[in-house]
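A.B. asks: Sequence and predicted structure are below.
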Amino acid sequence: MESDVTRRGVMGLGLGAALTIPAAASFAAATPARARAPGSVGIAVVGLGKLSLGQILPALKLTKNAHLAALVSGKPEKARKVAAEFGLPDTAIYTYDTFDRIADDPGIQIVYIVLPNSMHAEFTIRAFKAGKHVLCEKPMAVTLEECERMIAAGKAAKRQLMIAYRCQFEPVNVTAMRILRDGTIGTPRLVSAVMGKQTDLSDPSDAWRLDMAMSGGGALADMGIYGINATRYLLLEEPVEVRGWARTDRNDPRFKTVDDMIAWQMRFPSGAIGEGSSCFSQPGTMSWQAIGSDRRLVADPGCFYGGNTLRIVGGKGDVQPSVAEIDQFGNEMNWFADVVRGRSPNIAPGEEGMQDMRILHAIMRSVANGGASVKIDAGYKRAHDPATTVGIRTSI
Ligand code: NAD
């Protein structure tokens, strides 16, 4: 049977025709907001762009622990339409200017920031000032200094900050982590990740991604981050050295301020190598493979919104573990609702988002220096392994 997430577009991420953004009318069957199970946590979604409309709001129809409590948008007409279809009153609609008034709305416990990357820090800090918990989209921010301020603001407010790494809640990726941990493919030698899509300057959702000030790093910040994060959670260790190279056609109007393709290598203390690439001028791809001393683990696609697959290659023959599909956005929001209720650990706190930012910036520094080696020694260590904390969940 076709799953809900498959209907919403298996490729997602704006990767061509397979991305389906539901018309507002398709929200009509939604459960009225604020009428959820007792204890369900209210979420205010900030920014009503492609990700919110296509994935996050539909997922909030499925979640048991969390429900849509408010919308924050610069476009009142659009917000009213979506609110009506979710049974939200007009009083639950905020603009970017009236956002701070959420402090007086006890129905909102979590603010989910789904804005261009350069706006993450500002709205995260304002949400903490309003006394709310924050789920913030990846990449965490644009600069490391912003990451530090976001983490400090959360600590000062005694509120949780989680970075929305959906793949850490996605069953194919969690299954892969478990396969790597149990030694099925032997000692991990190499993780190789390829992340990219075609971009279109005339699409407003791509235009800011192609702007260095707003995206903080083009394809690397937007899609390469999945490969970097996957390499780290698959190997369960942190890189100590990186290098990067870029291939960019500066005559292409898309690449005036950001690089197009960046390829990187990462060296890990165990001796494992991570390599990968991100690109904004290629067909939609989100794949990775882990090569062990005995076998290979291939996920292609590995990080789509749905339809991800896993193959263990080599040994006595290829095996394709069957993994039940689940709405990864719903799983992630349910999890964060439990984090703020004190029932689950925060597996992707600000420090986890900042570690990726540190690596992204190190790769960009290497690119700027002709591929020179850049050492990373931040002492970051993941507090919780998603393989054992999140585990394989079959329902949300
Ligand atoms: P989008 O451009 O489709 O939506 C962004 C929203 O922000 C729009 O509603 C837009 O109107 C609003 N906005 C407010 N001020 C703006 C400004 N100055 N310039 C441009 N837009 C402005 O983007 P999106 O694809 O929904 O991405 C939003 C965030 O979600 C980004 O941080 C992105 O990296 C992240 N994202 C994550 C995933 C994932 O799988 N986790 C997928 C896509 C996007």
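C.D. replies: Alright, I've got the coordinates. Residues are numbered from 1 along each chain as shown.

A.B. asks: so where's the chain uncertain?
C.D. replies: For the chain, the stretches flagged by pLDDT under 70 are 1-36.

A.B. asks: ranges for the helices of it?
C.D. replies: In the chain, helices defined by DSSP state H lie at 4-7, 50-51, 57-59, 76-85, 120-129, 144-157, 171-181, 204-207, 212-215, 218-219, 225-235, 328-340, 350-368, 386-389, listed in chain order.

A.B. asks: Of those, which is nearest residue 256?
C.D. replies: Of all the helices of the chain, helix 212-215 sits nearest to residue 256, with 8.8 Å by CB to CB. (Each C-beta comes from the backbone N, C-alpha and C, glycine too.)

A.B. asks: So which bits of the chain are right by the ligand?
C.D. replies: By the rule CB under 6 Å from any ligand atom, the part of the chain lying against the ligand is 13, 47-52, 74, 114-117, 137-138, 164, 166, 204-205, 208, 222.

A.B. asks: For the ligand, what's its nearest residue on this structure.
C.D. replies: residue 49 (1.7 Å; CB to the nearest ligand atom).

A.B. asks: wait, that residue sits on residue 205?
C.D. replies: Yes - using CB atoms under 8 Å, residue 49 makes contact with residue 205 at a distance of 6.0 Å.

A.B. asks: if we can go back for a sec, among the residues of the chain next to the ligand, name the buried ones.
C.D. replies: Taking 16 or more other CB atoms under 10 Å as the criterion, what is buried in the residues of the chain next to the ligand is 13, 47-52, 114-117, 137-138, 164, 166, 208, 222.

A.B. asks: Out of the helices of the chain, which one sits most buried?
C.D. replies: helix 218-219 (a mean of 28; mean count of other CB atoms under 10 Å).

A.B. asks: And that helix, how far out from the chain middle?
C.D. replies: Relative to its parent chain, helix 218-219 has a centroid offset of 14 Å by CA atoms, centre = their mean, to the nearest Å.

A.B. asks: which other helices and strands contact that helix?
C.D. replies: Using 3 or more CB pairs under 8 Å, 6 or more residues apart in numbering; DSSP states H and E as the contact criterion, the elements in contact with helix 218-219 are strand 261-267.

A.B. asks: Check the gap between residue 137 and residue 319 for me.
C.D. replies: Separation of residue 137 from residue 319 (CB to CB, to the nearest Å) stands at 34 Å.

A.B. asks: Which parts of the stretch 201-350 of the chain are strands?
C.D. replies: For the stretch 201-350 of the chain, the strands defined by DSSP state E, counting those that start in this stretch occupy 241-247, 261-267, 273-279, 281-292, 296-299, 311-313.

A.B. asks: Report all helices and strands that the fifth one contacts.
C.D. replies: It stands for strand 296-299. helix 171-181, strand 281-292, strand 311-313.

A.B. asks: Could you rerun that using 6 Å?
C.D. replies: strand 281-292, strand 311-313 (3 or more CB pairs under 6 Å, 6 or more residues apart in numbering; DSSP states H and E).

A.B. asks: need these in a markdown table with mean neighbour count, can you?
C.D. replies: Shown next, in a markdown table, are those (neighbours: other CB atoms under 10 Å):
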| stretch | mean neighbour count |
| --- | --- |
| strand 281-292 | 20 |
| strand 311-313 | 17 |
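
A.B. asks: residues touching the residue nearest to residue 259 when sequence neighbours are not counted, list them.
C.D. replies: Once flanking residues are discounted, residue 259 sits nearest to residue 246: 4.2 Å by CB to CB, 6 or more residues apart in numbering. For residue 246, the contacting residues are 259, 262, 367, by CB atoms under 6 Å, 6 or more residues apart in numbering.

A.B. asks: Number of residues surrounding the nearest residue to residue 351 once chain neighbours are set aside?
C.D. replies: Spatial nearest neighbour of residue 351, chain neighbours left out: residue 380 (6.2 Å); criterion: CB to CB, 6+ apart. Counted by other CB atoms under 10 Å, the residues lying close to residue 380 total 16.
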